[in-house]
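Engineer: Model the following, please.
(one chain, ligands or ions: 1)
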Amino acid sequence: MTNIVTIDGKASIRATTPHRVVVVGAGFGGLETVYRLTGADVSITIVDRRNHHLFQPLLYQVATASLATSEIAWPIRYLLRGRKDVTTLLGTVTGVDTAAHRVQLDDGQTLPYDTLVLATGAGHAYFGHDEWEPFAPGLKTLEDATTIRRRILTAFERAERESDAVKRAALLTFVIIGAGPTGVELAGTIAELARVTLPEDFRNIDTRETRVVLIEAGSRVLAGFPEELSTYAQRSLEKLGVEVALGHAVSDCNIDGVVYGDKALGARTIIWAAGVRASPAAEWLNVAADRAGRLQVNPDLSVPGHPEIFAVGDTVTIAAPDGKPVPGIAPAAKQEGRYVASVIKQRLRGETPAPFRYSHDGSLAQIGKKLAVIDFGRVRLRGALAWWIWGIAHIYFLIGLRNRLAVAINWLWIHTLDQRGARLITQGRAVVDSQSVPSHGGEEKRVSSAR
Ligand SMILES: Cc1cc2nc3c(=O)[nH]c(=O)nc-3n(C[C@H](O)[C@H](O)[C@H](O)COP(=O)(O)OP(=O)(O)OC[C@H]3O[C@@H](n4cnc5c(N)ncnc54)[C@H](O)[C@@H]3O)c2cc1C
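Structural biologist: Predicted structure coming up:
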């Protein structure tokens, strides 16, 4: 049995071999923790409810038919196949028995730990309106992306067969709620899909007449970026044909469309890119969390009252050196994972770790073809140069040569021939479909199914 002991008020691990580390979540934070524990005298179990690690920054490209699912996700078991000290388990964690030092799984099994790392990320928040989710799915998982892709492509297919002008207009209206990086990237790419990629393929509709409406409650797009880059991003979106509606909170999403400000807009495809809610890690431990459910951690990323439990990534909140919260982005989750691995190793050696210190390298967002913004602090870039840096950075951060090559070739194809190879209508997550099909009598029949 291995114990955390307190010496002079500081946590230290009285080591026995092997020290059992359980990592929950194989996203950016969890996987980095495991990678950085290479060579440590520990036995590691990593458990995730999905069998793949997902590169979320390019998820919108799957949703908009630019990339295939397998180009941005990798089996966790494959990534860790060379690590004999790591056991990979597919399972959903439902709680933590902190007294017994056991992680609880949904099938009743439990996993014992000496050190636990929670890296369970975040999901969507509908600000108390979860009933909107079936009509306005968010983008977080591969299933979300294929659901959105199916809806976008099906809307064009339905419009091609629709004779009623009002219904056709609703099918050709795409609403994105939330103008952060994901909302901006989705809006710009859907506009390019409709105006550049699809027009030649349809006979009864002109896809260039598609409306893409980006609704944002705040006063500017990309609010986390400097104002000049927000202005540039908004102008670029408008040039692509995106209608940007700022200062409007959405008050309803339903099968017919959205209500924002005093307007009701008929739209058969709505995408939610507005709110984030942390995983229930804080609830599992019954510890303090912020309004978005993010667990409040100690300066060494351990959980207050539980020195043997750490939490990293989107499921925690901690202040950066400038006093602002560390942003919910992949590099932050990786830095935290790396730090926790070093703390575990230092504790095993009986050393006292320095507090976590976040370092921000920059913020990037793509708007469209050869359009991106980058904020490196003093250096701010926009346009084609920013887009090239954005592209190279994303290819660099993908895992494996095959995926890097596949994504690079796909992008080359899209940007020279304006073709998107992943325009497949396939199964998605089981949701109420807000689109409709004409019944035999020519009336619309709403489809509510798990297709
Ligand atoms: C659409 C989108 C675009 C983004 N774009 C960017 C970008 O351009 N740049 C950037 O830096 N960041 C971006 N982000 C944010 C970035 O992806 C996150 O900050 C990062 O993934 C956080 O890492 P994490 O390890 O905390 O969580 P995640 O990477 O989300 O991993 C959490 C893991 O935990 C698993 N899990 C959750 N609950 C359980 C459970 N109960 N039991 C078992 N397993 C569980 C999940 O399956 C998942 O594998 C984007 C996010 C999204 C959704």
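Engineer: And whatever residue of the stretch 301-450 of the chain ends up closest to the ligand, how far from Arg36?
Structural biologist: Nearest residue of the stretch 301-450 of the chain to the ligand, counting by C-beta to the nearest ligand atom: Gly313, 2.1 Å away. All C-beta atoms are positioned from the backbone trio N, CA, C, and that covers glycine. Counting by C-beta to C-beta, to the nearest Å, the gap from Gly313 to Arg36 is 14 Å.
Engineer: neighbour-wise, which of those two wins?
Structural biologist: Shown here are Gly313 and Arg36; by other C-beta atoms under 10 Å, Gly313 has more neighbours (33 against 18).
Engineer: Excluding covalently adjacent residues, which one is nearest to the residue in the stretch 51-200 of the chain that the ligand sits nearest to?
Structural biologist: At 2.6 Å from the ligand, Gly121 is the closest residue in the stretch 51-200 of the chain, using C-beta to the nearest ligand atom. Spatial nearest neighbour of Gly121, excluding adjacent residues (C-beta to C-beta, 6 or more residues apart in numbering): Asp314 at 4.7 Å.
Engineer: So which residues on the stretch 201-350 of the chain come close to the ligand?
Structural biologist: Residues of the stretch 201-350 of the chain lying close to the ligand by C-beta under 6 Å from any ligand atom are 279, 313-315, 328-331, 333.
Engineer: Surely Val21 and Thr115 touch.
Structural biologist: Yes - applying C-beta atoms under 8 Å, one finds Val21 in contact with Thr115, separated by 4.8 Å.
Engineer: So which residues of this protein form helices?
Structural biologist: 28-36, 59-63, 76-79, 142-161, 165-171, 181-192, 227-239, 281-285, 330-348, 384-397, 401-417 (DSSP state H).
Engineer: Which of those has the lowest mean pLDDT?
Structural biologist: Ranked on mean pLDDT, the bottom entry among the helices of the chain is helix 401-417, at a mean of 84.
Engineer: sorry, back to before: reformat the helices of the chain as TSV; add distance to Ala264.
Structural biologist: What follows is the helices of the chain, written out as TSV (distance: least, C-beta to C-beta, whole Å):
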stretch	distance to Ala264
helix 28-36	39
helix 59-63	25
helix 76-79	44
helix 142-161	19
helix 165-171	11
helix 181-192	20
helix 227-239	23
helix 281-285	37
helix 330-348	37
helix 384-397	36
helix 401-417	35
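Engineer: Ok, which of those helices comes nearest Glu216?
Structural biologist: Nearest to Glu216, of all the helices of the chain, is helix 181-192, at 7.2 Å by C-beta to C-beta.
Engineer: any bit of that closest one sitting next to the ligand?
Structural biologist: Yes - Helix 181-192 is in contact with the ligand by C-beta under 6 Å from any ligand atom, via 181-182.
Engineer: What of stretch 148-168?
Structural biologist: No - shown here: stretch 148-168 not in contact with the ligand (C-beta under 6 Å from any ligand atom), separated by at least 10.3 Å.
Engineer: Take that stretch, keep the C-alpha atoms, and write them as PDB.
Structural biologist: Output of stretch 148-168 as PDB, limited to C-alpha atoms (Å, rounded to 0.1, in the frame of the first residue of the first chain):
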ATOM      1  CA  ILE A 148     -23.600  18.400 -38.100                       C
ATOM      2  CA  ARG A 149     -22.100  17.300 -41.500                       C
ATOM      3  CA  ARG A 150     -25.200  15.100 -42.100                       C
ATOM      4  CA  ARG A 151     -27.500  18.000 -41.300                       C
ATOM      5  CA  ILE A 152     -25.600  20.500 -43.500                       C
ATOM      6  CA  LEU A 153     -25.400  18.200 -46.500                       C
ATOM      7  CA  THR A 154     -29.000  16.900 -46.100                       C
ATOM      8  CA  ALA A 155     -30.200  20.500 -46.000                       C
ATOM      9  CA  PHE A 156     -28.800  21.100 -49.500                       C
ATOM     10  CA  GLU A 157     -30.300  17.800 -50.700                       C
ATOM     11  CA  ARG A 158     -33.700  18.600 -49.400                       C
ATOM     12  CA  ALA A 159     -33.500  22.100 -50.800                       C
ATOM     13  CA  GLU A 160     -32.800  20.600 -54.300                       C
ATOM     14  CA  ARG A 161     -36.200  18.800 -54.100                       C
ATOM     15  CA  GLU A 162     -38.200  21.500 -52.300                       C
ATOM     16  CA  SER A 163     -40.600  23.500 -54.500                       C
ATOM     17  CA  ASP A 164     -42.000  25.800 -51.700                       C
ATOM     18  CA  ALA A 165     -39.800  28.900 -51.700                       C
ATOM     19  CA  VAL A 166     -40.200  29.600 -47.900                       C
ATOM     20  CA  LYS A 167     -39.300  26.100 -47.000                       C
ATOM     21  CA  ARG A 168     -36.400  26.100 -49.400                       C
END
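Engineer: tell me which residues in it are buried?
Structural biologist: If you call a residue buried by 16 or more other C-beta atoms under 10 Å, then stretch 148-168 has these buried ones: 148-156, 158-159, 162, 167-168.
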